[in-house]
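J.: Pasted the sequence and its predicted model underneath.
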Amino acid sequence: MNVLEINNVSKRFGNLVAVRDVSLTVAPGELCAIIGPNGAGKTTFFNLISGYFPPTSGTITFDGQDITRLATHERVVRGMARTFQITEIFPELNVFENVRIAAEVASGYRLRPWINRAEAAKVHQHVEETLKLVGLETKTDRLVGELAHGDQRAAEIAMALALKPHLLLLDEPTAGMGDQETYQITRLIRRLHRDSNYTIVLIEHDMRVVFHLADRICVLDQGKMLAQGTPQEIAANEAVQAAYLGHAA
Amino acid sequence: MNAEQIRKLIILVAIWAALLLAPYWMAPLGGYTALATRVLVLGLAAMSLNFLLGFTGVLSFGHAAYFGLGAYGAGLTLKFLALSTPLALVAGMLLGGLCGAILGLLIVRRRGVYFAMVTIAFGQVFYYIAFQWSSLTGGDDGLRGFARQPIGLGLFKLDILTNADSFYYFVLFCFALAVGVMGFILRSPFGRTMIAIRENERRSRFLGIPVERHIWIAFTLSCFFMGFAGALYALVNNFADPRGLHYSQSGDFVMMAVMGGMRSFWGPLLGATVFVVLQDYLSSVTVNWMSFVGLLFVLVVLFFPRGLLGFFQRSKA
């Protein structure tokens, strides 16, 4: 069964059609990259998948269930986690506290007025494992707002991972990063994909990152799906070169 | 324990020692026990408001409504239902909390200014009901004709009506109970989701927290605490005043919380202390006492945006 099946979704804002009849399926363990010029509708498409707003038409199926009309938090509970182009974190809490909130929600404790020692210990362990996975284990008591940009990104990814997702949506994970930080985050995503077998959909501007990571690339242009295929196929696709790679070069 | 925890423990011990010994140290400083009682009750109200404002990050400008409802609930219970102080407290708390729960359903979808406006509007509804329904509430004159009752403790009775010190310790006990529950909730997973919502609503939503539902719960809990404080206030005065429901009273609570420091648990108690003591002292000197309190408020907001307690903590650190 596919993790994600998107059938002909469109999103209209007044007269503007931001996303037009886009379909996409994502298989378990796959890493799918969405690329496209500015204003192609990539982030809108992401917002439709994650439930930030509902599509005007079309359906979205996640793990075999229709989630087209579900609210954001209900999608999260079903195993979908995302990060944002502009990092969304809890700046005045420390790294541990940031991830602990996600871990507690994932454990179903969000309404609990107390948790016992064993439960707290389990949450603690889960948080520490997650932080280790993203390489923040030495910075647990630093305030997230005071971390370097790359580490803030890693913290946001850690929060998403702590939710134990079946699908990870990453919106421009390397946006605004220098080479060194880009390299670190790329390596992290590669590890999550190859070693931990996460299913990932990401939006990315940096073509080096995309071609390095992706199993499959989807090209959006003016709200439409222009092409999909392996990195080799996309690199050879003339329509893509005309619409996108041509501009970039 | 690290230095930070030790410092917190010392502050905690100092606060409770000061509260426990208040009747002894206040008199030599020119205060009196009843003033300390007022500080506790209004401090509890400010802390209840801050449970929502400081820890969930939504500003209610109509919380006096639930405070006033608590007062009327307690007063009406003592006057018409039963001569029992504990029952009056429970009734006041329930009246404030349940009204908050119902109205909260309508309020929590709004944000920012709209949230504040809707809370004011609902608050004023209760003010006008209390003001107009004279046969039940005493209208503009307020609800009179009831008094707090001695508490039976098996072998002996605690005279809280005429003995100011006994009443102070009774209120302190109630205060400790409420504040204990508040602190407990804030340290729980649920409390942490409140702080998450305050810090970043969008992130909270994308962590799987149904934000509106959690704000509603926080709002309702805060109204229960507020109703409890209001019920205590009716016992303090043996009187319930419609002005206790008015939005200007809500404004006073916001002022106490902000002045004391809304990011800290104890800040609003400090704010309430400053407010109540200044009011007591200045109102015997000038009718324009509010100008001075207002001036202090402006200075605090301008120069110590984290409130008085935030300022003290920072200068120590």
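T.: That came through fine.

J.: And A:A248, what's its pLDDT?
T.: The predicted local confidence for A:A248 comes out at a pLDDT of 49.

J.: Chain B contacts on chain A?
T.: Proximity of chain A to chain B (CB under 8 Å from any CB of the partner chain) is limited to residues A:50, A:71-73, A:76-77, A:81-82, A:84, A:88-93, A:97, A:100-102, A:104-106, A:109-115, A:159, A:163. Every C-beta, even on glycine, is put in place using the N, C-alpha and C of the backbone.

J.: Please, where are all the strands along the stretch 51-200 of chain B?
T.: B:151-153, B:156-158 (DSSP state E, counting those that start in this stretch).

J.: do the same with chain A
T.: In chain order, chain A shows strands spanning A:4-13, A:16-26, A:31-35, A:57-62, A:65-66, A:80-83, A:167-171, A:200-203, A:216-221, A:224-229, with DSSP state E as the criterion.

J.: any idea which of these is most buried?
T.: Mean neighbour count (mean count of other CB atoms under 10 Å in any protein chain shown) peaks for strand A:80-83 among the strands of chain A, with a mean of 26.

J.: Within its sheet, name the partner strands of that one and how each one runs.
T.: Partner strands for strand A:80-83, per DSSP bridges, with pairing direction: strand A:167-171 (parallel).

J.: where does the partner strand sit relative to the chain's centre, distance-wise?
T.: Here the centre of mass of C-alpha atoms in strand A:167-171, compared against the chain's by CA atoms, centre = their mean, to the nearest Å, lies 1 Å away.

J.: Next: stretch B:176-189.
T.: Per CA atoms, centre = their mean, the centroid offset for stretch B:176-189 relative to its chain is 14 Å.

J.: Between the strands of the stretch 51-200 of chain B, which one is closest to B:Y247.
T.: Distances from B:Y247 to each of these were compared by CB to CB, and the smallest falls on strand B:151-153, at 33.9 Å.

J.: mind listing the helices for chain A?
T.: In chain A, the helices defined using DSSP state H lie at A:42-50, A:72-77, A:95-106, A:117-134, A:149-162, A:179-194, A:207-213, A:231-236, A:238-240, A:246-248.

J.: Contact distance from chain A - what residues of chain B qualify?
T.: Close to chain A, as judged by CB under 8 Å from any CB, chain B has residues B:184-185, B:188-190, B:192-193, B:195-196, B:199-200, B:202-211, B:214, B:217.

J.: now with 6 Å?
T.: By the criterion of CB under 6 Å from any CB of the partner chain, the positions of chain B lying close to chain A are B:185, B:188-190, B:192-193, B:196, B:199-200, B:202-203, B:205-210.

J.: re earlier: filter the residues of chain A next to chain B down to the buried ones and hand me the PyMOL line.
T.: To isolate the buried subset of the residues of chain A next to chain B in PyMOL, counting by 16 or more other CB atoms under 10 Å in any protein chain shown, use the following:
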select buried, chain A and resi 50+71+72+73+76+77+81+82+84+88+89+90+91+92+93+97+100+101+102+104+105+106+109+110+112+115+159+163
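
J.: How is chain A divided into domains?
T.: Chain A breaks down into these structural domains: A:1-79+A:166-249, A:88-164 (assignment by automatic domain parsing).

J.: Quick one: closest of those to B:V41.
T.: Evaluated with CB to CB, those place domain A:88-164 nearest to B:V41, the distance being 24.9 Å.

J.: Let me see the contact set for A:D221.
T.: Residues counted as contacts of A:D221 (CB atoms under 6 Å, 6 or more residues apart in numbering or on different chains) are A:36, A:40, A:243.

J.: got the buried residues for the helix with the most length in chain B?
T.: Identified as the longest helix of chain B according to DSSP H is helix B:211-237. Neighbour-count burial for helix B:211-237, counted by 16+ other CB under 10 Å, picks out B:211-212, B:214-237.

J.: Give the other helices and strands that it contacts.
T.: helix B:33-53, helix B:64-76, helix B:85-107, helix B:164-186, helix B:189-199, helix B:201-205 (3 or more CB pairs under 6 Å, 6 or more residues apart in numbering or on different chains; DSSP states H and E).

J.: can you put the contacts of A:D221 in a markdown table and add distance to B:S60?
T.: A markdown table is the format used below for those (distance: CB to CB, whole Å):
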| residue | distance to B:S60 |
| --- | --- |
| A:G36 | 44 |
| A:A40 | 43 |
| A:A243 | 52 |
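
J.: most centrally placed residue in chain B?
T.: B:A45 (0.4 Å; CA atoms, centre = their mean).

J.: which residues does that residue contact?
T.: Contacts were defined as CB under 6 Å, 6+ apart; by that measure B:A45 touches B:67, B:229, B:253.

J.: Please look at the first one and B:G227 and confirm they touch.
T.: No - applying CB atoms under 6 Å, one finds B:F67 not in contact with B:G227, separated by 7.3 Å.

J.: Can you tell me which of the helices of chain A is nearest to B:F170?
T.: From these, taking CB to CB, the stretch that ends up closest is helix A:117-134, at 34.8 Å.

J.: pLDDT of that closest one, averaged?
T.: Per-region confidence: helix A:117-134 scores 94 on mean pLDDT.

J.: And stretch A:18-26, by the same measure?
T.: Per-residue scores along stretch A:18-26 average to 94.

J.: of all the contacts of B:A45, which comes closest to A:D171?
T.: When these are compared for distance to A:D171 (CB to CB), B:F253 comes out closest, at 40.8 Å.

J.: Just give me the neighbour total for the closest residue to that closest one other than its chain neighbours.
T.: Taking CB to CB, 6 or more residues apart in numbering or on different chains, and ignoring the residues beside it in sequence, B:F253 has B:L49 as its nearest neighbour in space, at 4.7 Å. The number of residues packed around B:L49, counting by other CB atoms under 10 Å in any protein chain shown, is 30.

J.: tell me the contacts of the residue in chain A positioned nearest to chain B?
T.: For chain A, the residue positioned closest to chain B under CB to the nearest CB is A:V76, at a distance of 3.4 Å. Residues near A:V76 by CB under 6 Å, 6+ apart: B:G208.

J.: Ok, A:V26 next?
T.: With contacts defined as CB under 6 Å, 6+ apart, the neighbours of A:V26 are A:3-4, A:32, A:201.

J.: out of everything not next to it in sequence, what's closest to it?
T.: Going by CB to CB, 6+ apart, A:V26 has A:L4 as its nearest residue, at 4.1 Å.

J.: any weak-confidence spans in the chain?
T.: Let's take chain A. In the predicted model of chain A, residues A:244-249 satisfy pLDDT under 70.

J.: Correction: the question concerned chain B.
T.: Within chain B, the ranges that satisfy pLDDT under 70 run B:313-317.

J.: in what helix or strand does the closest residue to chain A within it lie?
T.: Taking CB to the nearest CB as the measure, chain B has B:G208 as its residue closest to chain A, at 3.4 Å. Secondary structure from DSSP states H and E places B:G208 outside every helix and strand.

J.: Isn't it up against A:R78?
T.: No - using CB under 6 Å, B:G208 and A:R78 do not qualify as a contacting pair, with a distance of 9.2 Å.

J.: neighbour-wise, which of the two wins?
T.: Comparing B:G208 with A:R78 by neighbour count (other CB under 10 Å), the higher total belongs to B:G208, at 24 against 16.

J.: Could I get the contacting residues of B:G123?
T.: Counting by CB under 6 Å, 6+ apart, B:G123 has contacts B:62, B:65, B:247.

J.: switch to 10 Å and redo it
T.: Under the criterion of CB atoms under 10 Å, 6 or more residues apart in numbering or on different chains, the contact partners of B:G123 comprise B:60-69, B:103, B:245-247, B:249-250.

J.: Could you pull up phi and psi at the closest residue to it other than its chain neighbours?
T.: Spatially, and ignoring its direct neighbours in sequence, B:G123 is nearest to B:G62 (2.8 Å; CB to CB, 6+ apart). For B:G62, the backbone dihedrals are phi -130, psi 20 (criterion: degrees, to the nearest 10).

J.: Which of the strands of chain A sits closest to B:F156?
T.: Closest approach to B:F156 among these is made by strand A:80-83 (60.3 Å; CB to CB).
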